[in-house]
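Novice: Kindly generate the corresponding structure for this input.
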Amino acid sequence: MLVIVSYDVSTETAAGRKRLRRVARVCESTGQRVQKSVFECRVTLAQYEELERRLLTEINLGEDCLRFYRLTEPVELHVKEHGKFKAVDFEGPLVI
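Specialist: The predicted model follows:
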């Protein structure tokens with residue numbers, strides 16, 4: 001499944017800036033960054049639940065915002081890309 005993860009971490013304090021870096025690292029370990037605080041993740045249900053659990057341990061629910069969007073198949077009908085950035089198609093052929 002394709003999951004979009006977006007977050008807004010309060011960076012007014014040093015602890016918030018540290019939290020932001022930790023949240024970004026968790027997302028980078030699972031998906032690809034498509035904007036500064038937005039990631040696309042192709043995951044199984046188990047991986048999705050693990051990602052959510054890991055992120056919830058990092059954020060401060062009183063100061064930060066974390067959102068997950070699960071896109072239904074076929075994803076091609078639900079995602080349109082415009083502009084310079086093009087996401088990596090992990091399902092397509094690998095060309096080196």
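Novice: pLDDT weak spots in the chain?
Specialist: 75-76, 80-82, 85-96 (pLDDT under 70).
Novice: what ranges do the helices span in it?
Specialist: Taking DSSP state H as the criterion, the chain contains helices spanning 14-28, 45-58.
Novice: So which of those helices is nearest residue 3?
Specialist: Smallest distance to residue 3 across these (CB to CB): 5.7 Å, for helix 45-58. (C-beta placed from N, C-alpha, C; glycine too.)
Novice: Just the CA coordinates for that closest one, please, in CSV.
Specialist: Below are the C-alpha coordinates for helix 45-58, written out as CSV (Å, rounded to 0.1, in the frame of the first residue of the first chain):
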residue,chain,number,x,y,z
LEU,A,45,0.2,-3.4,6.7
ALA,A,46,2.7,-4.7,9.3
GLN,A,47,5.3,-2.1,8.1
TYR,A,48,2.7,0.6,8.3
GLU,A,49,1.8,-0.2,11.9
GLU,A,50,5.5,-0.3,12.8
LEU,A,51,6.1,3.1,11.1
GLU,A,52,3.1,4.6,12.9
ARG,A,53,4.3,3.2,16.3
ARG,A,54,7.9,4.5,15.8
LEU,A,55,6.7,8.0,14.8
LEU,A,56,4.3,8.2,17.7
THR,A,57,7.1,7.5,20.1
GLU,A,58,9.1,10.5,18.6
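Novice: neighbouring contacts of that helix?
Specialist: Contact with helix 45-58 is made by 1, 3, 5, 7, 19, 22-23, 26-27, 30, 41, 43, 66, 68, 70, as judged by CB atoms under 8 Å, 6 or more residues apart in numbering.
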